[in-house]
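please find the sequence and the predicted model below.
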Amino acid sequence: MTTRDEFTSELFMKGLKIREEVLGVDHVRKSLDSATDFSAPIQKFVTELCWGQIWSRPGLDRRTRSIINLSILSALNLPNEVRLHVRGALNNGLSQEEIMEILLQVAVYCGVPATLESTKVVVEVLEEVAAKAKQNAAP
């Protein structure tokens, strides 16, 4: 089993930095802090492989990777992952209009039901982000 002590490898730290920049420190820290003996190996794997090895590659920028992720996750109808990666896409500079275009593309090539589910999630996230921005702007 992976222990929390193994959350310090060079590859893990590289992935952690990218993961926090894209998904937000609060989300990532919550995921890692709530890792159990059972789930810690998955957190290590995801941080090292997805974020440390793949997201750090120079062949695609983060914006493009967000477009790909939203497309794939919507096509697979994985609303919890869509929710997470909408925030990442916004952090990586995608506009609401671009996210809508991604969903329309998914609808044509992967199906309307999955796109409708993703659209519900995107709307919720956009409302949450707007509410938080309004709250932060209030005196």
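Received the coordinates, thanks. Residues are numbered from 1 along each chain as shown.

name the helix or strand for the closest residue to residue 83 other than its chain neighbours, please.
Leaving aside its sequence neighbours, residue 83 sits nearest to residue 121 (CB to CB, 6 or more residues apart in numbering; 4.9 Å). In this view, the C-beta of every residue, glycine as well, is placed from N, C-alpha and C. Taking DSSP states H and E as the criterion, residue 121 maps to helix 112-137.

name the residues of that helix that are buried.
114-115, 118-119, 121-122, 125 (16 or more other CB atoms under 10 Å).

CSV please, covering the residues you listed and showing distance to residue 31 and pLDDT.
Output for these, formatted as CSV (distance: CB to CB, whole Å; pLDDT from 0 to 100):
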residue, distance to residue 31, pLDDT
114, 25, 94
115, 27, 95
118, 21, 96
119, 25, 97
121, 18, 97
122, 21, 97
125, 17, 96
